[in-house]
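Engineer: With the sequence up front, the predicted model follows.
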Amino acid sequence: MRKIGDAIKATLAQFLLIVFSVVLGLYLSGIIEERKKAQESAALLSVIEAEVAENISLFEYWAPYHREVAQNLDSLSRNAAFVERFVSDRTILLPTLFTRGTFMGRTPASDAWDIAKSHPLTVNIDYDKLIALSRVYNQQEVTLEPMFEAFNMYRSTTVNAEGEAAANLKLMAEHLRELVALEDQLMYYYAQADTTLGLQKYR
């Protein structure tokens, strides 16, 4: 009987050892998988942060210039001599306004954010950081719309029609003032994101 009891104890000990080994293996696999996901999430966030930092630099360079263009267009719309010249030749407007030769070198990027929004790893990113990023990209999406509206007006064949030219110039100036206001709001969100995400390391 004693030998049977010892055999049962040995079998039970082996069984418990096997169960413990399996549980430990699953636990360690879970830790490894979570660590892997955390590293991949950090890498994904880093790509987004670099994109935001680049966009910040872009607007820091162009936003002051856009303010100047909006102010200049507002002045030109009230200048009777310029309005007459504009009626004769609408192509004089752009070279007069764009002292840098263009309105904006390129538009802000959002590729990294667009990919991240549908990526399962995004759930591992800190909520406050996601909120800051969401505000930035949502604002970014609408900021340049007034610029496109102004350019669409300029492309119209009747933009410099006699009797309408001054009003159209003023309306384009209003679009650009709206752009400036939206850029100010965007810069505010950029500053918040900079604080939350610590973007200085990319700049």
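Structural biologist: That came in fine, so what should we check first?
Engineer: Phi, psi for the most centrally placed residue in the chain please.
Structural biologist: Nearest to the centroid of the C-alpha atoms of the chain, with distances taken as C-alpha atoms, centre = their mean, sits residue 137, at 3.5 Å. When quoted as degrees, to the nearest 10, the phi and psi of residue 137 stand at phi -70, psi -30.
Engineer: Contact partners for the closest residue to it other than its chain neighbours?
Structural biologist: Nearest residue to residue 137, sequence neighbours excluded (C-beta to C-beta, 6 or more residues apart in numbering): residue 113, at 4.9 Å. C-beta here means a position set from N, CA and C on the backbone, and glycine is covered the same way. When contacts are counted by C-beta atoms under 8 Å, 6 or more residues apart in numbering, residue 113 touches 48, 51, 133, 137.
Engineer: Which one of those sits in the busiest neighbourhood?
Structural biologist: Ranked by neighbour count under the definition other C-beta atoms under 10 Å, the contacts of residue 113 are headed by residue 133 with 25 neighbours.
Engineer: Pull out the buried residues from the helix or strand in which it is found.
Structural biologist: Here residue 133, judged by DSSP states H and E, is contained in helix 127-143. Within helix 127-143, the residues that qualify as buried are 129-130, 132-133, 135-137, 139-140, 143, counting by 16 or more other C-beta atoms under 10 Å.
Engineer: Quick check: the farthest pair among those?
Structural biologist: Maximum pairwise distance in those, criterion C-beta to C-beta, is 21.0 Å, between 129 and 143.
Engineer: mind checking how far the residue nearest to the centre of the chain is from residue 196?
Structural biologist: Taken as C-beta to C-beta, to the nearest Å, the spacing of residue 137 relative to residue 196 amounts to 14 Å.
Engineer: same check, this time on residue 177
Structural biologist: According to C-beta to C-beta, residue 177 and residue 196 sit 29 Å apart.
Engineer: thinking again about what came up before, do you know how far the residue nearest to the centre of the chain is from residue 172?
Structural biologist: Using C-beta to C-beta, which is the criterion applied here, residue 137 is 27 Å from residue 172.
Engineer: Count the neighbours of residue 122 for me.
Structural biologist: Residues lying near residue 122 (other C-beta under 10 Å) number 17.
Engineer: pLDDT score assigned to it?
Structural biologist: The predicted local confidence for residue 122 comes out at a pLDDT of 82.
Engineer: can I assume it is in contact with residue 129?
Structural biologist: No - look at residue 122 against residue 129 with C-beta atoms under 8 Å: they stay out of range, at 10.3 Å.
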